[in-house]
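Novice: I would like the atomic coordinates for the input below:
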Amino acid sequence: MSTYDLFIEKGIEKKTIEIVLRCYTNGFSIENIMLITGLTEQEIKDIIQKNTSA
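Specialist: Residues are numbered from 1 along each chain as shown. This is a model prediction of the structure:
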C-alpha cells in the first residue's frame, strides 16, 4: 500500500467516524447508522464509546 493510499484510507475512516457521531448525536438508531455506514453494530458502539462520554 502506498503512502497516498494510506492517507486516503485514514481520511475515509475519519469521515466515517464523523458520520457515525453526527447520526448518533441527532438521535439515529444503531440500526439506521448501520444502514448508512455499512458498519457492524459493534463497530458503531466502539466508535461511540471511544468518542463520547456516553
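Novice: Helices along this structure, start to end?
Specialist: 3-25, 30-37, 41-51 (DSSP state H).
Novice: a markdown table please, covering those and showing mean neighbour count and mean pLDDT.
Specialist: Where you see a C-beta, it was placed from the backbone N, CA and C, and this is true even at glycine. Shown next, in a markdown table, are the helices of the chain (neighbours: other C-beta atoms under 10 Å; pLDDT from 0 to 100):
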| stretch | mean neighbour count | mean pLDDT |
| --- | --- | --- |
| helix 3-25 | 13 | 95 |
| helix 30-37 | 15 | 97 |
| helix 41-51 | 14 | 97 |
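Novice: Verify the stated contact: M34 with I44.
Specialist: Yes: using C-beta atoms under 8 Å, M34 is in contact with I44, at 6.4 Å.
Novice: What is the end-to-end distance of stretch 18-31?
Specialist: Using C-alpha to C-alpha, to the nearest Å, one end of stretch 18-31 lies 17 Å from the other.
Novice: wait, I meant stretch 21-30
Specialist: 11 Å.
Novice: contact partners of it?
Specialist: Here stretch 21-30 makes contact (C-beta atoms under 8 Å, 6 or more residues apart in numbering) with N32, I33, I36, T37, E41, I44, K45, I47, I48, N51, T52.
Novice: So for this protein, the centremost residue is which one?
Specialist: With distances taken as C-alpha atoms, centre = their mean, the residue of the chain nearest its centroid is I17 (3.0 Å).
Novice: quick one: that residue and D46, what's the gap?
Specialist: 10 Å (C-beta to C-beta, to the nearest Å).
Novice: Then F28?
Specialist: As judged by C-beta to C-beta, F28 and D46 stand 16 Å apart.
Novice: Please apply the same query to E9.
Specialist: 18 Å.
Novice: ok, now L39?
Specialist: Following C-beta to C-beta, the distance that separates L39 from D46 is 9 Å.
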